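Colleague: Need coordinates for the following:
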Amino acid sequence: QVRLVESGGGSVQAGGSLRLSCAGSGYKACRYDMAWYRQALGKEREFVSFMYSDGTTSYPDSVKGRFTISRDTAKNTVYLQMNSLQPEDTAMYYCQTFEGGSGCSAKSYWGQGTQVTVSS
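Modeller: Next up, the predicted model:
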């Protein structure tokens, strides 16, 4: 079973940067699409960035140009570089992967989350 562990969250002032990491284990010979989501207090979880297994990326307008998703295949780690952070970026950030392909689980797996707090 896939296990994801996020790290890199913390407190930063507006305009600052953070890089989140998502270390994965338990991968099989399957296709893995990766994503970052966030959930602010009292709000629904929202999509922040997405990377298909072929490396194609996607972002919502709210973070486009400020956030960048990347991965280091050798380290089984996905990153989220967040620049020009604003107080509205304050949330718990979650890493997610979907396991696809023939003979694979077709399940989503989630990490436990890492808190990002941006002060004005």
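
Colleague: In stretch 13-28, which of the residues would be classed as buried?
Modeller: Neighbour counts using 16 or more other Cβ atoms under 10 Å place 18, 20-24 of stretch 13-28 among the buried residues. To be clear about C-beta, it is placed using only N, CA and C from the backbone, and glycine gets the same treatment.

Colleague: out of those residues, who's nearest Trp110?
Modeller: Nearest to Trp110 among those: Cys22, at 10.2 Å, using Cβ to Cβ.

Colleague: Report the secondary structure state of that closest one.
Modeller: Of the three states, Cys22 takes strand under DSSP: H, G, I helix; E, B strand; the rest coil.

Colleague: Identify the bridge partners of the residue lying closest to it once chain neighbours are set aside.
Modeller: Of all residues not flanking Cys22 in the chain, Cys95 sits nearest, at 3.4 Å (Cβ to Cβ, 6 or more residues apart in numbering). Beta-bridge partners for Cys95, by DSSP bridges, are Trp36.

Colleague: Give the full set of residues in contact with Cys95.
Modeller: 4, 6, 20, 22, 24, 34-36, 78, 110-111 (Cβ atoms under 8 Å, 6 or more residues apart in numbering).

Colleague: Adding pLDDT, write these out as a markdown table.
Modeller: Formatted as a markdown table, the contacts of Cys95 follow (pLDDT from 0 to 100):
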| residue | pLDDT |
| --- | --- |
| Leu4 | 97 |
| Glu6 | 97 |
| Leu20 | 98 |
| Cys22 | 98 |
| Gly24 | 95 |
| Met34 | 96 |
| Ala35 | 97 |
| Trp36 | 98 |
| Val78 | 97 |
| Trp110 | 97 |
| Gly111 | 97 |
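
Colleague: ChimeraX command to pick out the buried ones of the residues you listed?
Modeller: Buried members of the contacts of Cys95, defined by 16+ other Cβ under 10 Å, are picked up in ChimeraX with:
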select :4,6,20,22,24,34,35,36,78,111
